[in-house]
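In: I'll drop the sequence and a predicted model, then ask my questions.
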Amino acid sequence: MADARTQKDDDSGLTRLQQFAIPLVFVGAMWCVEIVDALTPGALDSHGIHPRTDEGVFGIVFAPMLHGDWGHLIANSVPLVVLGTLLMLSGLRTFVGVTAIVWLVGGAAVWLLAGSHSNHIGASGLVFGWIGYLVARGAFSRSIGQIVIGLLVLASYWTAVFGVLPGQPGISWQGHLFGAIAGVLAAWLWESKRTSE
């Protein structure tokens, strides 16, 4: 039996260590952005999603990399590494594809439907999107292994469900909700694509 350093993933040929390293590097990039933001008194944070504005549409691209403060970034970092690693177990192509769907579809929905005169930043939409994908994937694939992973993710992050509801001021519940919906959409699209191949 191959150990963790040599065991290959069927989709991408990556070792388990590399599968863990990719989400870690991704989160590391967010920390680098936050360092730059801290050195430029929060100048980057204004480039989030501003619903239904011309300049705000560019925030769809930038918002997940921006965080209001270190606490905001820290709160997202551990779930991003854990969930990102679980997602990477399905391969790099799945990681990139699902992330792109959640990032763009979730962000576009925030831009279209969130409240006016607001600025939405942070990777929480990705966290909720990856949760949505990992939980829904088992239902669409009917794979026992994926259903078990989905149930474990749901059990670990069940309190996150409340994050999709309006409530706490300054928290983008819209980003959470639309991220989760985009994750479920990604699970459906990815499974439909897999079964048609």
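Out: Great, that's in hand. All of these numbers come straight from a predicted model, not from anything done at the bench. Numbering: from 1, shown residues only.
In: how about the most centrally placed residue in the chain, secondary structure?
Out: Closest to where the C-alpha atoms of the chain average out (C-alpha atoms, centre = their mean) is residue 126, at 1.8 Å. Following DSSP: H, G, I helix; E, B strand; the rest coil, residue 126 is assigned to helix.
In: before we move on, what about residue 167?
Out: coil.
In: start at 316 instead
Out: With 316 as the first residue, the last one maps to residue 482.
In: could you find the closest non-adjacent residue to residue 344?
Out: residue 380 (7.1 Å; C-beta to C-beta, 6 or more residues apart in numbering). Using the backbone N, CA and C atoms, a C-beta is placed for each residue, glycine as well.
In: wait, what's in contact with the one you found?
Out: 344-345, 348, 438 (C-beta atoms under 8 Å, 6 or more residues apart in numbering).
In: now it: how far from residue 404?
Out: Between residue 380 and residue 404 the distance is 24 Å, computed by C-beta to C-beta, to the nearest Å.
In: repeat that for residue 347.
Out: Residue 347 is 26 Å from residue 404, by C-beta to C-beta.
In: cool, residue 482 as well?
Out: 33 Å.
In: repeat that for residue 446.
Out: 15 Å.
In: more crowded one of the two?
Out: It is residue 446, of residue 446 and residue 404, that has more neighbours when counted by other C-beta atoms under 10 Å, with 27 against 15.
In: give the contact list for residue 472.
Out: Residue 472 touches 394, 446, counting by C-beta under 8 Å, 6+ apart.
In: before we move on, what about residue 399?
Out: Here residue 399 is in contact with 337-338, 341-342, 410, 445 (criterion: C-beta under 8 Å, 6+ apart).
In: switch those over to a markdown table; also include pLDDT, neighbour count and secondary structure.
Out: Output for the contacts of residue 399, formatted as a markdown table (pLDDT from 0 to 100; neighbours: other C-beta atoms under 10 Å; DSSP: H, G, I helix; E, B strand; the rest coil):
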| residue | pLDDT | neighbour count | secondary structure |
| --- | --- | --- | --- |
| 337 | 95 | 19 | helix |
| 338 | 96 | 22 | helix |
| 341 | 96 | 19 | helix |
| 342 | 97 | 18 | helix |
| 410 | 95 | 24 | helix |
| 445 | 96 | 29 | helix |
